[in-house]
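Colleague: Sequence first, then the predicted structure:
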Amino acid sequence: MSELFMSCSGLSFRTTLESLRNAFVQFGQLVEVNLVMDKIANRPRGFAFISYATDEESRKAIEGMHGKFLDGRVIFVEVAKPRSEIRKKNLISRDSQR
């Protein structure tokens, strides 16, 4: 199984789990598709996380979908950063603002 998770941002609020799967299934065997939802508004928040069975399939999807249109919006697909890396970056930027 691939350890390469991808983040997909710039998604339309009209994007569905089905339309996201349909757009990405052409690049290989999808293991997980997580369309992040706003629980209060009950609509997508504009980003998702996707993983494939192999790293090669993940790289093909990044090359094939980054900068392409999905549901009327240009989307951005890249390797997802670990949460710990994002938290560190946020802490550093907060400290530098003081």
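Modeller: Received it, and whenever you're ready, just let me know what you need. All figures in this text were calculated on a predicted structure; none of them were measured in a lab.

Colleague: got a pLDDT number for Lys88?
Modeller: Looking at Lys88, its pLDDT is 49.

Colleague: which other residues reach the host helix or strand of Cys8?
Modeller: Assigned by DSSP states H and E, Cys8 falls within strand 5-9. For strand 5-9, the external contacting residues (Cβ atoms under 8 Å, 6 or more residues apart in numbering) are 20, 46-51, 58, 61-62, 65, 75-81. All C-beta atoms are positioned from the backbone trio N, CA, C, and that covers glycine.

Colleague: now these: which count as buried?
Modeller: 20, 46-48, 50-51, 58, 61-62, 65, 75-77, 80 (16 or more other Cβ atoms under 10 Å).

Colleague: from these, which two are the most distant?
Modeller: Gly46 and Ser58 (20.8 Å; Cβ to Cβ).

Colleague: so how many other residues sit close to the closest residue to Met37 other than its chain neighbours?
Modeller: Nearest residue to Met37, sequence neighbours excluded (Cβ to Cβ, 6 or more residues apart in numbering): Pro44, at 5.9 Å. Pro44: 20 surrounding residues under other Cβ atoms under 10 Å.

Colleague: Which strands border the host helix or strand of Pro44, and is each parallel or antiparallel?
Modeller: Using DSSP H and E, the element containing Pro44 is strand 43-52. Here strand 43-52 is paired, per DSSP bridges, with strand 5-9 (antiparallel), strand 30-38 (antiparallel).

Colleague: any chance of those strands in JSON lines, plus mean neighbour count, distance to Leu70 and mean pLDDT?
Modeller: JSON lines is the format used below for these (neighbours: other Cβ atoms under 10 Å; distance: least, Cβ to Cβ, whole Å; pLDDT from 0 to 100):
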{"stretch": "strand 5-9", "mean neighbour count": "19", "distance to Leu70": "8", "mean pLDDT": "95"}
{"stretch": "strand 30-38", "mean neighbour count": "15", "distance to Leu70": "12", "mean pLDDT": "95"}
